[in-house]
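Chemist: Predicted model, plus sequence, below.
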Amino acid sequence: MAGVDSSEELAIPSAVSSDKLQRSDDSQLEPGDGVATTTRNLSEVVDDASDALEETKEPDLKELSHDMFAKAAIYLRGDLAATADDYKLLEKMNIATSKKYSQMKDFGVDIHRALSDLNEKYRNLQPFLDQIDQVEESVGNLEQAAYRLDAYSRRIKIQAT
């Protein structure tokens, strides 16, 4: 039927089953053969054939469609279960990430607190560090004076001899 145009006319004998459909220009069926013929459109023939097929195959189609829908339901349940599992895993990952960031925040707060304490201690020690710098400068000046005094005493010793 693939090569038949739907607008072509078919001669369908009323007393012949649908297995023996032949074209009206077919020489095998003659109006004088004692078989009454009617002319019908190809689409009407296809509709009638599909209706006849539905009537004969209806229990099988119901079983097959029920089976198809049951299998589709199983597939969809599995797909939804997989999606739900993905969301549960994502939730666990988000909780773990949240805990990790909370720990990092606490660590950062502890570091900030320690640095603040160190800066406060440094500010408290700064006057003493300034005094140490002054003492170091004084020691350097004393050392220079001691070198000059030693050099002077050597010159006096040399002159005295």
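Modeler: Yes, it's here.

Chemist: how about low-confidence regions in this protein?
Modeler: For the chain, applying pLDDT under 70 flags the ranges 1-43, 45-46, 49-50, 52-59.

Chemist: And for Asp48, the neighbour number?
Modeler: The tally of other residues near Asp48 (other Cβ atoms under 10 Å) stands at 13. Quick note: C-beta positions are derived from backbone N, CA and C, even for glycine.

Chemist: Now name the helix or strand holding it.
Modeler: Per DSSP states H and E: Asp48 is located in helix 42-160.

Chemist: what's near enough to touch Lys62?
Modeler: Under the criterion of Cβ atoms under 8 Å, 6 or more residues apart in numbering, Lys62 has no neighbours.

Chemist: Asn124 and Ala72, how far apart?
Modeler: 77 Å (Cβ to Cβ, to the nearest Å).

Chemist: Repeat that for Ser102.
Modeler: Here the criterion is Cβ to Cβ. By it, Ser102 lies 44 Å from Ala72.

Chemist: and if you look at Ser116?
Modeler: Taking Cβ to Cβ, one finds Ser116 at 65 Å from Ala72.

Chemist: And for Asp106?
Modeler: Asp106 is 51 Å from Ala72, by Cβ to Cβ.

Chemist: Quick one: neighbours of Glu143, just the number.
Modeler: By other Cβ under 10 Å, neighbour count at Glu143 equals 10.

Chemist: Please export the C-alpha coordinates of stretch 142-152 as CSV.
Modeler: Presented in CSV, the C-alpha positions along stretch 142-152 are these (Å, rounded to 0.1, in the frame of the first residue of the first chain):
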residue,chain,number,x,y,z
LEU,A,142,80.3,54.3,75.7
GLU,A,143,82.2,51.8,73.5
GLN,A,144,83.4,54.5,71.2
ALA,A,145,84.5,56.5,74.3
ALA,A,146,86.3,53.5,75.7
TYR,A,147,88.2,53.0,72.3
ARG,A,148,89.2,56.7,72.3
LEU,A,149,90.2,56.5,75.9
ASP,A,150,92.3,53.3,75.2
ALA,A,151,93.9,55.0,72.3
TYR,A,152,94.7,58.1,74.3
